[in-house]
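J.: got a sequence here, can you build the structure:
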Amino acid sequence: MTEGDLEAQGPAEVLEWMASQGLRPVSVKAMGGVEKKGLGGIFSQSITVADKVFLTKYLALMLKVGTDLFAAIDILIADFDKPVVKSLLIEVRDSLSKGKPFYSTFTRYPKYFSPVFVNLIKAGEASGNLEKVFDDLSTSLEKEQIIRGRVKGALIYPVVLVVLSLVILFGLVTFALPKIAEVFLSGAIEPPTFSRVVFTVGLFFGNYIFVIIPVIILAAIGSWYFLRKTAAGREVWGRTLSNTPIIKDILYRLALQRFASTLSSLLRSGMPILESLEITADSVGHAELKAALLRISREGITKGLTIGEAFRHEPVFPRVVVNLIAISEKAGHMESILDTLADFYETEIDTSIKTLVSFLEPALLVVIGLVVATIALSMIIPIYQLTTQLNQ
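T.: This is a model prediction of the structure:
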């Protein structure tokens, strides 16, 4: 009796294939909807960083204990409950059984697997050192996950503060202020200009609230789509962040950390320096660093400069980075120096995030306090005028 998995659109296609192979079916089962969905599972769900960490760490461990790649993938297919990952692994196994390279399946999904990920596996497969490559990949992916978690964790409190403050202010301006404005604007007392302006805004919100809310929601959705889903929007958003104090420093240090970590992993896998620089340039996520790395590769090293000399021509890199790269090139241990730089900038990122949060919290409180004080003064001044007139 023969058992196996087949990627197909449905049972009819499976039976037709079995008939063409001279096989008689005993039973045909769908594995958690994976075969039914086929590659659709790849696009209907997301492969997270945590999935990739588990995948690479597990493969490194299995290869380290002597398990062959086919058996390791079969074990992973049985262990993974997430349909999209199971579908990917089945595709990897099918590609291997057809004699295709291991990395070829990952190249078809650039949304989830970066050029760095793919090229590291490609280099490891060519050198027969997949175990080490998977180990390095799992480590770098874990660091990436930790950094993202720190950024998100640090921003939780400011975001909650902003949301709650906006809800309170919206309630004041929309419901409380219009009623107070009607009392003062319809009475005998003439409020000062400052109060009339605030009351007019409150009445506008109160009268057109059912128009304003949909407009705000549509504007928020439109802005999100433009900034996240269009190339022009992403460029505008990136440029805005790059010119924002403190944030631009965090982005710069993130790019340097990514540069050091990525280049170290690529060089350790045995990839040539020129190809490593080209791939690293695409992964740093910083326009100036990307352009500098491409110049180092295409206009520096290609024309006979040493790596250290080529880096010295690029002022975008800190002098400490340039000097350490030049020294490590002569000593022949550039990968370890780059790892040290990556760890250093990881610490710098933590410091920058703490600085950003320590700046954001009081700044938000001051802005919110000013808005509340404006509304309060607009009500207190007419009340003071009224009591003064009554006492005269």
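J.: contacting residues around L360?
T.: Each residue near L360 by Cβ atoms under 8 Å, 6 or more residues apart in numbering is listed here: P158. Just so you know, the C-beta spots here come from the backbone N, C-alpha and C atoms, and that holds for glycine as well.
J.: I73 now?
T.: Going by Cβ under 8 Å, 6+ apart, I73 touches L59, L89, V92, R93, L96.
J.: run the last query once more with 6 Å
T.: The contact partners of I73, by Cβ atoms under 6 Å, 6 or more residues apart in numbering, come to L89, R93.
J.: what about it, distance to S140?
T.: Distance of I73 to S140, computed by Cβ to Cβ, to the nearest Å: 22 Å.
J.: distance check, P315 against A292.
T.: P315 is 9 Å from A292, by Cβ to Cβ.
J.: ok, these two, which is more surrounded?
T.: More crowded of P315 and A292, by other Cβ atoms under 10 Å: A292, with 23 against 10.
J.: tell me how far Y384 lies from T374.
T.: Using Cβ to Cβ, we find Y384 at a distance of 16 Å from T374.
J.: ok, Q257 next?
T.: Shown here: Q257 relative to T374, a distance of 42 Å by Cβ to Cβ.
J.: name the residue in those two with the higher neighbour count.
T.: Q257 (23 against 13).
J.: what's the helix or strand for the nearest residue to that one once chain neighbours are set aside?
T.: Of all residues beyond its chain neighbours, the one nearest Q257 is Y345 (3.8 Å), with distances taken as Cβ to Cβ, 6 or more residues apart in numbering. Assigned by DSSP states H and E, Y345 belongs to helix 334-391.
J.: pLDDT (mean, whole number) over that helix?
T.: For helix 334-391, the mean pLDDT works out to 82.
J.: quick one, phi psi at Y208?
T.: Here is the backbone geometry of Y208 (degrees, to the nearest 10): phi -120, psi 30.
J.: count of neighbours near it?
T.: Around Y208 there are 12 other residues, counting by other Cβ under 10 Å.
J.: so how far is P115 from the residue lying closest to I121 once chain neighbours are set aside?
T.: Nearest non-adjacent residue to I121, counting by Cβ to Cβ, 6+ apart: Y103, 4.3 Å away. Computed as Cβ to Cβ, the Y103 to P115 distance reads 11 Å.
J.: and if you look at E125?
T.: E125 sits 15 Å away from P115, going by Cβ to Cβ.
J.: give me the more crowded residue out of Y103 and P115.
T.: Each of Y103 and P115 has its neighbours counted (other Cβ under 10 Å); Y103 has more, 21 against 16.
J.: can you check the pLDDT for the more buried one?
T.: Note on Y103: pLDDT of 86.
J.: residues contacting it?
T.: Contact analysis of Y103 by Cβ under 6 Å, 6+ apart lists V118, I121, K122.
J.: same thing with L338?
T.: Counting by Cβ under 6 Å, 6+ apart, L338 touches A260, L263, S264.
J.: what's the local residue count around the second one?
T.: Close neighbours of L263, defined as other Cβ under 10 Å, add up to 27.
J.: thought it was touching D282?
T.: No - at 12.0 Å, L263 and D282 do not qualify as touching, with contact defined as Cβ atoms under 6 Å.
J.: and the nearest residue to T200 once chain neighbours are set aside, how far from T340?
T.: Of all residues not flanking T200 in the chain, A181 sits nearest, at 7.5 Å (Cβ to Cβ, 6+ apart). Per Cβ to Cβ, A181 is found 63 Å from T340.
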